[in-house]
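Engineer: I would like to see how this sequence folds:
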Amino acid sequence: MIWGGWQTIWQQFRQIPIAFYPLSLLLMGLSYSLGFWRWHTYLQVLDHWLPVRSSLRIFLGSLALIASPGRAGESIKALWLRQQFGVSAARSLAGLFCERLCDLLAALLLVALGFSARLGTGFWWACLGLAIALFLILSQPQRLQAWAKRFGGRSRRRKGLERLAHLPFSARRLLQPRFLAGGLLISLLTWAIGGVVLYGCFQVLQAEINLPTAIVIRAAVGLGGVLTLLPGGLGGAEAASISLALLYGADRDQAIAATVLLRLLTLWFPIAIGWVALHRQTRTLKSLALSSLPDTDADQSPKSSH
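Structural biologist: Now for the predicted structure:
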């Protein structure tokens with residue numbers, strides 16, 4: 001905004017109708033509802049039948065930490081599930097691993113489809129080959145563990161690599177074709193919903209970018225944020241959004257304003273929901289801890305004399 005001139009960007013925001021915000025938030029709520037349904041289903045596939053309200057509170061609470069490198073902060077779900085329901089960390093992390101894998105594969109396919117018109121079909125086949133190779137590698141957990149032991153080097157690094165290599169082994173049930181296809185479909189839908197929101201941003205800002213292009217830009221923004229390995233994808237996501245918007249016909253002010261709107265809706269909105277759920281989850285854990293304390297009054301009662 002400093003680069004584009006904050007007064008000019010503010011003029012862009014002033015022309016946005018008020019109705020745009022609740023509609024966009026409703027769409028983002030639908031996107032995270034799909035994500036929760038996939039997460040809850042993964043737990044059931046792994047033989048953990050949690051109450052829906054508790055599972056939803058844990059899922060939403062983890063959104064408070066999505067502004068972390070690669071959204072790694074969401075792994076706090078594994079800690080909460082172990083504390084409340086005794087779910088092993090390996091299984092809950094396996095579900096999180098499959099979530100991120102499906103998101104990555106779906107984003108790769110969408111970006112490949114979108115850019116193949118400009119870069120040729122070779123780019124599409126290269127991305128498709130990369131996605132297939134990634135799936136084939138992860139479907140061989142025993143071989144991954146052998147590689148980790150062989151090339152791990154120092155003991156501390158080797159242990160870390162072995163733990164990472166064990167994730168596909170724990171997630172082998174979720175990597176079955178029907179569950180992988182379902183998870184991939186959810187990821188495609190969530191990226192598409194994010195693309196619809198971005199398309200709405202471009203429309204209210206009067207940028208001539210169509211819906212398929214907006215979906216591709218949204219997927220590319222997600223990939224850019226992951227590849228930077230910075231908190232919340234800082235820098236990479238913004239660079240991808242602005243540069244692609246400029247490439248497809250938006251002017252500088254429209255590209256910056258659309259990027260700011262997208263980040264508010266896809267990063268800070270779920271973080272705000274996550275902090276509310278995090279507060280509720282913290283209260284739940286405190287009450288569980290207090291209920292598990294021994295009854296000191298009963299322990300200190302006087303013994304009867306005979």
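Engineer: Going along the chain, name the strands of the stretch 201-306 of the chain.
Structural biologist: Assigned by DSSP state E, counting those that start in this stretch, the stretch 201-306 of the chain shows no strands.
Engineer: which residues of this protein fall in helices?
Structural biologist: Remark: helices assigned in the chain by DSSP state H are 6-14, 20-45, 52-62, 76-85, 89-119, 121-138, 141-151, 155-170, 177-204, 211-228, 236-247, 252-263, 269-291, 296-299.
Engineer: Comparing these by mean pLDDT, which bottoms out?
Structural biologist: When those are compared by mean pLDDT, helix 296-299 comes last with a mean of 48.
Engineer: hmm, back to that, nearest to residue 69, of the helices of the chain?
Structural biologist: helix 211-228 (8.2 Å; CB to CB). All C-beta spots, glycine's among them, are computed from the backbone N, C-alpha and C.
Engineer: What is the closest one packed up against?
Structural biologist: Other helices and strands packing on helix 211-228, by 3 or more CB pairs under 8 Å, 6 or more residues apart in numbering; DSSP states H and E, are helix 89-119, helix 177-204, helix 236-247.
Engineer: just checking, residue 131 touches residue 105?
Structural biologist: Yes: at 5.0 Å, residue 131 counts as touching residue 105 under the criterion of CB atoms under 8 Å.
Engineer: got the helices of the chain as a markdown table, with distance to residue 68 columns?
Structural biologist: Output for those, formatted as a markdown table (distance: least, CB to CB, whole Å):
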| stretch | distance to residue 68 |
| --- | --- |
| helix 6-14 | 27 |
| helix 20-45 | 16 |
| helix 52-62 | 10 |
| helix 76-85 | 10 |
| helix 89-119 | 12 |
| helix 121-138 | 22 |
| helix 141-151 | 24 |
| helix 155-170 | 17 |
| helix 177-204 | 19 |
| helix 211-228 | 11 |
| helix 236-247 | 13 |
| helix 252-263 | 15 |
| helix 269-291 | 11 |
| helix 296-299 | 40 |
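Engineer: For the ones you listed, give me TSV that also has mean neighbour count.
Structural biologist: Formatted as TSV, the helices of the chain follow (neighbours: other CB atoms under 10 Å):
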stretch	mean neighbour count
helix 6-14	13
helix 20-45	17
helix 52-62	19
helix 76-85	18
helix 89-119	20
helix 121-138	14
helix 141-151	14
helix 155-170	15
helix 177-204	20
helix 211-228	22
helix 236-247	20
helix 252-263	23
helix 269-291	14
helix 296-299	7
